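Visitor: generate coordinates for the sequence data below:
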Amino acid sequence: MQTGAEIVPIRPRENTCSECMFREQCLARSDNGCGINACEAISVVPRVHHRGDHLFRAAEAFRNVYMVRAGAVKTYVILHDGEEQVIGFHMPGDVVGLDAIESGRHLCNAMVLDTSCVCPLPFEQLLRLCGRSPLTQSLMMKTLSRRIVDHEALLLILGQKTAEQRMAAFLLQLSTQQHRLGLSAAEINLPMSRADIASYLALAVETVSRVLTRLQEAGLLAVRRNEVRIVDMDRLATLADETLDSRPRRARAGTGLH
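Guide: All right, here's what the predicted structure looks like:
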């Protein structure tokens with residue numbers, strides 16, 4: 001597979017940091033009022049990656065973290081039997097590669113799921129910026145905290161008793177991510193394959209397809225290939241036991257599929 005990427009063509013008023021919807025939460029932002037000069041800030045060069053490209057592979061030296069600006073990335077490991085185990089999906093606004101900070105080498109592989117725009121941030125420069133900018137340091141801590149929350153969310157998903165509950169919790173997690181980006185919480189695009197979802201949720205591929213069909217027949221979802229529309233958010237949350245959703249909801253009766 002390819003590992004390179006082409007540099008995004010940048011015109012004077014297009015694709016600049018000032019135009020990025022994630023500028024306020026970007027670790028490389030320099031307009032923090034702390035006297036950071038432009039020459040001291042991190043130079044960010046957005047890159048376009050295509051499906052199958054790798055940002056990094058397991059055991060490679062750690063140099064950058066990567067902010068997903070558009071598209072989607074999956075992280076995975078190869079088990080002893082050669083099977084692929086998906087450990088994460090990273091959507092716009094997410095930062096990939098943080099798990100390599102402690103060891104200095106990447107612990108997993110990161111592969112692009114669809115045409116994506118990714119900003120590589122040199123970690124050594126980022127550390128120096130954190131030392132000079134309280135805002136950058138705060139953003140770094142929030143990013144690391146979100147990483148912990150994502151791992152806890154996965155544990156909650158895998159702790160669900162049924163395949164329907166796991167799928168419901170997974171879709172609610174994606175819904176919450178989209179809502180955070182200002183996008184529709186009901187219209188969800190799944191850039192990952194059914195096999196990727198099955199690996200992530202510790203289910204069989206056939207089970208994933210059957211569960212989506214059952215949820216659609218029960219009136220909770222409308223599924224068309226990789227496009228999912230949540231028809232009944234309340235019932236889906238009830239099915240997931242609300243383990244991933246802290247937003248207050250109206251009281252409702254009944255659990256499971258009816």
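
Visitor: the stretch 51-200 of the chain: helices as residue ranges?
Guide: Remark: helices assigned in the stretch 51-200 of the chain by DSSP state H, counting those that start in this stretch are 123-132, 134-158, 163-180, 194-201.

Visitor: for these, which one sits closest to residue 20?
Guide: Closest approach to residue 20 among the helices of the stretch 51-200 of the chain (Cβ to Cβ): helix 134-158, 14.1 Å. No exception for glycine: its C-beta is placed from N, CA and C like everyone else's.

Visitor: residues near the closest residue to residue 120 other than its chain neighbours, how many?
Guide: What sits nearest to residue 120 in space, not counting adjacent residues and going by Cβ to Cβ, 6 or more residues apart in numbering, is residue 64, at 4.2 Å. Neighbours of residue 64 under the rule other Cβ atoms under 10 Å: 19.

Visitor: tell me what residue 64 is bridged to.
Guide: Bridge pairing for residue 64 (DSSP bridges) gives the partners residue 122.

Visitor: just the one 10 residues further on next, same as before
Guide: Beta bridges link residue 74 to residue 89, residue 111, judged by DSSP bridges.

Visitor: doesn't residue 111 make contact with it?
Guide: Yes. At 5.6 Å, residue 74 and residue 111 qualify as touching, with contact defined as Cβ atoms under 8 Å.

Visitor: quick one on the thing from earlier: among the helices of the stretch 51-200 of the chain, which comes closest to residue 23?
Guide: Nearest to residue 23 among those is helix 134-158; the distance by Cβ to Cβ comes to 11.3 Å.

Visitor: now that closest one against helix 123-132, angle please.
Guide: Angle, helix 134-158 to helix 123-132, by axes from the mean of the first three to the mean of the last three Cα atoms, to 10 degrees: 120 degrees.

Visitor: just want the angle from helix 134-158 to helix 163-180.
Guide: If you take the same axes, to 10 degrees, helix 134-158 sits at 160 degrees to helix 163-180.

Visitor: quick one: low-confidence parts of the stretch 1-150 of the chain?
Guide: 1-16, 29-41 (pLDDT under 70).

Visitor: how does it look with 80?
Guide: The model of the stretch 1-150 of the chain has pLDDT under 80 over residues 1-26, 28-43, 150.

Visitor: which residue ranges of it form strands?
Guide: Taking DSSP state E, counting those that start in this stretch to define them, one finds strands in the stretch 1-150 of the chain at 6-7, 47-49, 54-56, 64-70, 73-78, 84-90, 95-96, 109-112, 116-122.
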